[in-house]
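> turn this into a structure:
(chains A and B)
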Protein chains: 2
Amino acid sequence: MPPRFQFTLNKTDGAARAGVIKTPRGEVRTPAFMPVGTSGTVKGMLPESVAATGADILLGNTYHLMLRPGAERVERLGGLHRFMNWDGPILTDSGGFQVMSLAGLRKLSEEGVRFKSHIDGAVHELTPERSMEVQRQLGSDIVMCFDECPALPATDEAVAESMRLSMRWAARSKAAFGDRPGHALFGIQQGGVNRDLRAESAEALRAIEFDGYAVGGLAVGEGQEAMFGVLDYAPAMLPEDKPRYLMGVGKPDDIVGAVARGIDMMDCVLPTRSGRTGQAWTRRGMVNIKNARHRDDARPLDEGCACPACRGYSRAYLHHVFKSGEMISGMLLSWHNLQYFQDLMANMRTAIEAGRFEEFRTGFEAEYRRGDIEPL
Amino acid sequence: MPPRFQFTLNKTDGAARAGVIKTPRGEVRTPAFMPVGTSGTVKGMLPESVAATGADILLGNTYHLMLRPGAERVERLGGLHRFMNWDGPILTDSGGFQVMSLAGLRKLSEEGVRFKSHIDGAVHELTPERSMEVQRQLGSDIVMCFDECPALPATDEAVAESMRLSMRWAARSKAAFGDRPGHALFGIQQGGVNRDLRAESAEALRAIEFDGYAVGGLAVGEGQEAMFGVLDYAPAMLPEDKPRYLMGVGKPDDIVGAVARGIDMMDCVLPTRSGRTGQAWTRRGMVNIKNARHRDDARPLDEGCACPACRGYSRAYLHHVFKSGEMISGMLLSWHNLQYFQDLMANMRTAIEAGRFEEFRTGFEAEYRRGDIEPL
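Alright, predicted model coming up:
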């Protein structure tokens, strides 16, 4: 029998936590940032390059993969790890969030949701049971409960109704998931920005018992202040001895703020999406490489960064290939951004383990707000 | 003083030749295929990956680089090698061919050609002297004479007139190039498919004396039979002790046929352009990865290939990421194609050195014409 999924909390520093998730496919050092491999690829990157940045785990999207190439096909081909050539752990979302944001003509019921594919208009259905089946077919190491995520702002009544539906779906997800040693199932707390509803949701999830717990329903347009407001209390409502995952976050300052509030795992498309649109994240904040100020700048993007973009190329080159629409632009900036995000996580882990996270955070914020180096 | 440019012919086998070009930036094993790095990047590839396929030398395009980012800028930034992070030799074309194929509103005179940039409509001029200056600013190791390349079919009179203009420009190119130890200047034979004109052109070039000689004016739509017809006599008109370069060629069978006829160097955008459009070149000919037959095929593209695409992925995956429009599709197929082309060159060099090139060629053609492996 494969070893069980296991989380060890090594150190806390204030609310910040450093630990390690052990899975049969390898360890995940937390706080962890998970690059997103939506359709079986972290856009613009080879998987060995993603690993080289220090990523321990990827996220795959159930919605995209079930529509194309299809979960049954991925299973026949040996599962998602083999399909996309990534040996490490993979977390898959449940598909629920993307049904809401991408699919056409959705019909929500107690049973689940029927929707039309945004690719070919074909009608599909996702239920807690079907989501568990798809994630099993993909071979996911960390499976997420099927939930509903209402857009904010919404009335307390709407948020409560949605949250309670998600909690009934969480129980059905757990039942459908069954007993799969070496694989983990995470519950997802809902409740919007309402503390009582967050508490009710946490209570419901704790009663079901999961291997880890996500704080869901944030990073959906509520703004950083509102998000941090929820994170000031929501993680502490979840079991201390299980990993806590903040879904879809975020910018570097969101990530540092979330870790400061007790979050262990995050994911976001930002590093690769920004990379494809000419935006680079650095210790000195965001750099727009398309800006003409870089045209003659022989300096690297970030002289403290060890990624290929910073080791091998000038800002002038990165500007040129972006303006020329060359693939290498997205390749190099995506790599840099993923490297920056992983370096940030590594620095936070080191700081937490040394008991000086607040010092790190103060330094990070000062540097981050300083803005880019002076133009030449 | 840097070591001089030097060509050593190690072995001939029929008309086929194996040798080595020594430059201060490294050696080029011939027959050599040069990947094209049009605008300072071999599309979809990092330069270290291009080197990993076995490429010794890249081609850069004078026309593209002078328009964007500009040759003066590249010079200020330390030259093209440093700009694009490629330490090995670089050959640059003269810009003449692409002025004819890409620029708007061209005006040709004895002096040179005035044209409008296809990027922003700005008016530029290229003359033999300006082309030499631009290629010096880029830091090219092998500089090409500025020539005119007429589209075929054309009348003998038109081809003769154009060829003689190119020969006058060749003399001006040589004078403008001057004495640059460690850098080479190649002349370009013209004369279309007319043997007398090819001989006249070769005579004119030999009188000027160059470090190498290109067979120009082919691969412009005349077809393989006509091209091979010229290659049956044209290379032998050029000095035996200098490298012979066939510009813009080609498909794998074009390349093998050209080497069989005494060509030492070639370049083509085909491996990367095909890679971006879902076409893979293999020992069994061209494979269209977008074809539905690959959808469930767990086999690699070419099981005899050691490139990342063939080592790490199924045809089903390559099909999926192509259909999904993912960057990794162009990245993996470009890498595969460049690997295939370089493996082909290496196999030809080995065969020539062993005195069994015809045997290699017969085997290559039989396998190449067999077509792809049977569908599952």
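> get me the contact residues on the stretch 201-350 of chain A for chain B.
Within the stretch 201-350 of chain A, the positions lying close to chain B (C-beta under 8 Å from any C-beta of the partner chain) are A:295-296, A:298, A:308, A:312-314, A:316-317, A:319-321, A:323-324, A:326-328, A:330-332. No exception for glycine: its C-beta is placed from N, CA and C like everyone else's.
> okay, and which of the residues you listed map to helices?
The subset of those located in helices under the criterion DSSP state H comprises A:308, A:312, A:316-317, A:319-321, A:323, A:327-328, A:330-332.
> what about the closest residue to chain B within the stretch 101-250 of chain A, which helix or strand?
Nearest residue of the stretch 101-250 of chain A to chain B (C-beta to the nearest C-beta) works out as A:Ile119 at 8.9 Å. When secondary structure is defined by DSSP states H and E, A:Ile119 falls outside every helix and strand.
> same question for A:Lys107.
Assigned by DSSP H and E, A:Lys107 belongs to strand A:104-108.
> so for that strand, what gets flagged as buried?
Buried residues in strand A:104-108, defined by neighbour count with 16 or more other C-beta atoms under 10 Å in any protein chain shown: none.
> after it, which helix or strand is next?
Downstream of strand A:104-108, the next assigned helix or strand under DSSP H and E is strand A:113-116.
> how far off centre is that next one?
For strand A:113-116, the gap between its own C-alpha mean and the chain's C-alpha mean amounts to 24 Å (C-alpha atoms, centre = their mean, to the nearest Å).
> roughly how far apart are the residue nearest the centre of chain A and A:Ile255?
Within chain A, the residue whose C-alpha comes closest to the C-alpha centroid is A:Asp267; the distance, by C-alpha atoms, centre = their mean, is 1.3 Å. Distance, A:Asp267 to A:Ile255, by C-beta to C-beta, to the nearest Å: 10 Å.
> what of A:Phe228?
With the distance defined as C-beta to C-beta, A:Phe228 ends up 12 Å from A:Ile255.
> tell me which of those two has more neighbours.
A:Ile255 (23 against 15; other C-beta atoms under 10 Å in any protein chain shown).
> any shared contact partners between A:Asp267 and A:Ile255?
Counting by C-beta atoms under 8 Å, 6 or more residues apart in numbering or on different chains, the contacts common to A:Asp267 and A:Ile255 are A:33, A:249.
> picking up where we left off before, residues touching the residue nearest to the centre of chain A, list them.
By C-beta under 8 Å, 6+ apart, the contact set of A:Asp267 is A:33-36, A:59, A:91, A:247-249.
> dump these to TSV, plus neighbour count and pLDDT.
Written out in TSV, the entries for the contacts of A:Asp267 read as follows (neighbours: other C-beta atoms under 10 Å in any protein chain shown; pLDDT from 0 to 100):
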residue	neighbour count	pLDDT
A:Phe33	29	98
A:Met34	25	98
A:Pro35	26	98
A:Val36	22	98
A:Leu59	25	98
A:Leu91	28	98
A:Met247	26	97
A:Gly248	21	95
A:Val249	23	97
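> now those residues as TSV including distance to B:Gln190?
Listed next are these as TSV, based on distance: C-beta to C-beta, whole Å:
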residue	distance to B:Gln190
A:Phe33	58
A:Met34	58
A:Pro35	52
A:Val36	53
A:Leu59	57
A:Leu91	61
A:Met247	64
A:Gly248	61
A:Val249	62
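> out of those, which sit inside strands?
Using DSSP state E, the members of the contacts of A:Asp267 that fall within strands are A:33-35, A:59, A:91.
> nearest to chain B, of those?
The nearest one, if we look at these relative to chain B and count by C-beta to the nearest C-beta, is A:Pro35, at 13.2 Å.
> list the contacts for the residue lying closest to A:Ala292 once chain neighbours are set aside?
Using C-beta to C-beta, 6 or more residues apart in numbering or on different chains and skipping the chain neighbours, the partner closest in space to A:Ala292 is A:His319 (7.9 Å). Contacts were defined as C-beta under 8 Å, 6+ apart; by that measure A:His319 touches A:289-292, A:294-295, A:297, B:69.
> next: A:Met266.
Neighbour list for A:Met266: A:31-34, A:245-247, A:249-250, A:255, A:258 [criterion: C-beta under 8 Å, 6+ apart].
> let's see it at 7 Å
By C-beta atoms under 7 Å, 6 or more residues apart in numbering or on different chains, the contact list for A:Met266 reads A:33-34, A:246, A:249-250, A:255, A:258.
> within range of chain B, give me the residues from the stretch 51-200 of chain A.
Residues of the stretch 51-200 of chain A found near chain B (C-beta under 7 Å from any C-beta of the partner chain) are A:68-69, A:73, A:76-77, A:83-85.
> who are the contact partners of A:Glu27?
By C-beta under 7 Å, 6+ apart, the contact list for A:Glu27 reads A:20-21, A:56.
> SS state for it?
Taking DSSP: H, G, I helix; E, B strand; the rest coil as the rule, one finds A:Glu27 in the strand state.
> can you check A:Leu301 too?
Of the three states, A:Leu301 takes coil according to three-state DSSP.
> okay, A:Leu231: pLDDT?
pLDDT, the model's per-residue confidence, is 98 for A:Leu231.
> could you report the neighbour count for it?
Here the number of neighbours of A:Leu231 (other C-beta under 10 Å) works out to 25.
> would you agree it is in contact with A:Ala260?
No. At 8.6 Å, A:Leu231 does not count as touching A:Ala260 under the criterion of C-beta atoms under 7 Å.
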